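Chemist: Here is my input; please provide its structure:
(one chain, ligands or ions: 2)
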Amino acid sequence: MPTHWLVLVTNVIYVNLYQYFRMNVEYILKNAAGLDGEGPHWDDVTGTLLYVDINGYAIHRYDAETGSDDKLELDGPVGFAVPARKGGLIASVGRSLVHVDWDTKKVTKLHEVEQGLQTRFNDGKCDPKGRVWAGTMGPEEPDIESMPKIGNLYCLDLDGSLHTLVRNIGISNGLAWNEDEKTMYYVDSTPRQIYRYSYDAATRQISNKKIIVDNRGDSLAEKGVPDGMTIDTEGKLWVACYLAGKVVQYDPETGKELQTVYIPSSKRITSCCFGGKNLDELYVTCSAYDVPKDELQKYPLSGSICRVSGLGVKGYKANIYEGRIMI
Ligand code: BGC
Ligand code: CA
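Modeler: Residues are numbered from 1 along each chain as shown. Ligands and ions are numbered 1, 2, ... in the order given. Modelled structure (predicted):
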């Protein structure tokens, strides 16, 4: 092998090993019993992590400084919660999008979708212009891969109106936008695929759907099901792999796996976001919902929240809802 190749290979091995040993996975909230952790959002103004406990019907706020974890209970499954510029939070409860005032505990319904269907909102996030995008899912029967595709992806626009952007979704999950505001990434967990769309920030229209990761037919234990995701400042995706106990960094251009973070004591990894003062820590949510006894014995920290440091990458400040709240 020519010398320059040898130097290059040695460097790559060195960098990867260095990275591996620097990386640290810390369980910051251990087994908030029965927790169905999801939808992490780093609030850079307060230095807190907002996340939801879907089937625990609650929104949580973890203070990274003090370690306290406050909770607000709602009256149905909560898919996500994001701050609103005009105050309070936009969240989902069942099939409704709601405004939540954390202090007074007042919950106001903004929109209800899919009346009469057995669906619920799942993951949601704000786009670079401050609109909320959130999608729904039906019952996971007979299982994640074969359940009916009766979900939709919606967008709550800045004037408070709601629009359907994608139909026939199995489990609407992770969302992310590129820094140039021209690309949107989206996960449907049922076909185990990640998509790239051309995104028009001015009109919120999406087009040119392309599959960039396709895990259909692959081993569930090894690849899992793509769930929540985030994007780093290099434009690479970090995707929670539900049922596979890991978060994978993907190159969205090639669909190749670049790095893997193993979460040792939980298999059901649901989502992740960058947070911390320098936005260089990855907060990871896990689920203990409906976990069989033998799985819980093997993965005793299933319903926990983790923080991964030493990854050598950073994320962006999370977008919040910039629009009107019609209350
Ligand atoms: C949903 C779960 C589902 C999982 C599959 C989550 O976002 O809340 O109900 O099992 O996605 O990846
Ligand atoms: Ca999710």
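Chemist: In stretch 311-320, which residues are buried?
Modeler: Buried positions in stretch 311-320, judged by neighbour count with 16 or more other C-beta atoms under 10 Å: L311, V313, G315, Y316, A318, N319, I320. For the C-beta atoms, the positions are set from N, CA and C on the backbone; glycine is no exception.
Chemist: Can I get that stretch as PDB, trimmed to CA atoms?
Modeler: Only the C-alpha atoms of stretch 311-320 are listed here, as PDB (Å, rounded to 0.1, in the frame of the first residue of the first chain):
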ATOM      1  CA  LEU A 311     -19.700  12.900  19.800                       C
ATOM      2  CA  GLY A 312     -17.600  15.700  18.200                       C
ATOM      3  CA  VAL A 313     -20.700  17.200  16.400                       C
ATOM      4  CA  LYS A 314     -23.200  19.900  17.200                       C
ATOM      5  CA  GLY A 315     -26.800  20.600  16.400                       C
ATOM      6  CA  TYR A 316     -28.800  23.800  15.600                       C
ATOM      7  CA  LYS A 317     -31.100  25.700  18.000                       C
ATOM      8  CA  ALA A 318     -34.500  24.100  17.900                       C
ATOM      9  CA  ASN A 319     -37.200  26.100  16.000                       C
ATOM     10  CA  ILE A 320     -40.300  27.100  17.900                       C
END
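Chemist: How far away from the center of its chain is that stretch?
Modeler: Relative to the mean C-alpha coordinate of its chain, stretch 311-320 is positioned 13 Å out (C-alpha atoms, centre = their mean, to the nearest Å).
Chemist: about what we covered before: can I get the buried residues of stretch 311-320 in a markdown table with secondary structure?
Modeler: Output for the buried residues of stretch 311-320, formatted as a markdown table (DSSP: H, G, I helix; E, B strand; the rest coil):
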| residue | secondary structure |
| --- | --- |
| L311 | coil |
| V313 | coil |
| G315 | strand |
| Y316 | coil |
| A318 | coil |
| N319 | coil |
| I320 | coil |
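Chemist: so which of those residues comes closest to ligand 2?
Modeler: A318 (15.5 Å; C-beta to the ion).
Chemist: Isn't that closest one up against P40?
Modeler: No. Here A318 does not reach P40: they are 9.2 Å apart, not a contact under C-beta atoms under 8 Å.
Chemist: Quick check: residues of the stretch 101-250 of the chain near ligand 2?
Modeler: Residues of the stretch 101-250 of the chain lying near ligand 2 by C-beta under 5 Å from the ion: D123, N173, D227, G228.
Chemist: Hmm, the third one is touching V187, no?
Modeler: Yes. The pair D227 and V187 qualifies as a contact (C-beta under 8 Å) at a distance of 6.8 Å.
Chemist: Give the residues shared as contacts by those two.
Modeler: Taking C-beta atoms under 8 Å, 6 or more residues apart in numbering as the criterion, D227 and V187 both touch N173, G174, V239.
Chemist: Look up the closest residue to the first one, ignoring the ones flanking it.
Modeler: Meaning N173. Nearest residue to N173, sequence neighbours excluded (C-beta to C-beta, 6 or more residues apart in numbering): V187, at 4.0 Å.
Chemist: mind listing what whichever strand or helix holds that neighbour pairs with, with the direction of each?
Modeler: Using DSSP states H and E, V187 sits in strand 183-188. Within its sheet, strand 183-188 is paired with strand 172-177 (antiparallel), strand 193-199 (antiparallel), according to DSSP bridges.
Chemist: what stretches of this protein score poorly on pLDDT?
Modeler: Along the chain, the parts satisfying pLDDT under 70 run over 1-21, 32-33.
Chemist: Kindly report the residues of the stretch 101-250 of the chain close to ligand 1.
Modeler: Residues of the stretch 101-250 of the chain found near ligand 1 (C-beta under 6 Å from any ligand atom) are N122, D123, E140, I144, I171, N173, S189, V225, D227, Y242.
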